[in-house]
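Participant: Here's my sequence, what's the structure:
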Amino acid sequence: MSSNNAAVVEIAQTAGKFSSSIVLQADNKYIDVKSILGLFTTLVSHKDYELHIHGTDAEEAKVTMTEVFAKHGLQIVVITD
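Facilitator: Okay, here's the model as predicted:
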């Protein structure tokens, strides 16, 4: 896995390209993936993530976000409408 800092920045920047709401669920925490600070505190302490994507470009966001998480060795389950 690449450095966590690089993963956090790339994930947040990629999410920011979409108009859809993209929220990471880790245990009972929900974090806006567009928030770098929220990701920093979450990606380090959990292993299993759910990514909730809702909006007009959700399908495109699902494909792209899945690729970015996988690139950094992070496993996610994507949930869309």
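Participant: how about the residue nearest the centre of the chain, what does it touch?
Facilitator: Per CA atoms, centre = their mean, the C-alpha nearest to the average position across the chain is that of residue 33, at 5.0 Å. Contacts for residue 33 (CB atoms under 8 Å, 6 or more residues apart in numbering) come out as 11, 12, 15, 22, 23, 24, 39, 51, 65. Using the backbone N, CA and C atoms, a C-beta is placed for each residue, glycine as well.
Participant: And the strands in this protein?
Facilitator: Taking DSSP state E to define them, one finds strands in the chain at 21-26, 29-32, 49-54, 76-80.
Participant: Most tightly packed of those strands?
Facilitator: Across these, averaging neighbours per residue (mean count of other CB atoms under 10 Å) puts strand 21-26 on top, at a mean of 20.
Participant: That one versus strand 49-54: what angle between them?
Facilitator: 160 degrees (axes from the mean of the first three to the mean of the last three CA atoms, to 10 degrees).
Participant: residues in contact with strand 21-26?
Facilitator: Strand 21-26 has contacts (CB under 8 Å, 6+ apart) with 15, 30-34, 38-39, 42, 45-46, 48-55, 61, 65, 76.
Participant: then it to PDB, C-alphas only?
Facilitator: Output of strand 21-26 as PDB, limited to C-alpha atoms (Å, rounded to 0.1, in the frame of the first residue of the first chain):
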ATOM      1  CA  SER A  21     -22.700  12.600  -2.100                       C
ATOM      2  CA  ILE A  22     -19.900  10.200  -1.300                       C
ATOM      3  CA  VAL A  23     -19.800   9.100   2.300                       C
ATOM      4  CA  LEU A  24     -17.400   6.500   3.800                       C
ATOM      5  CA  GLN A  25     -18.800   4.300   6.600                       C
ATOM      6  CA  ALA A  26     -16.400   2.700   9.000                       C
END
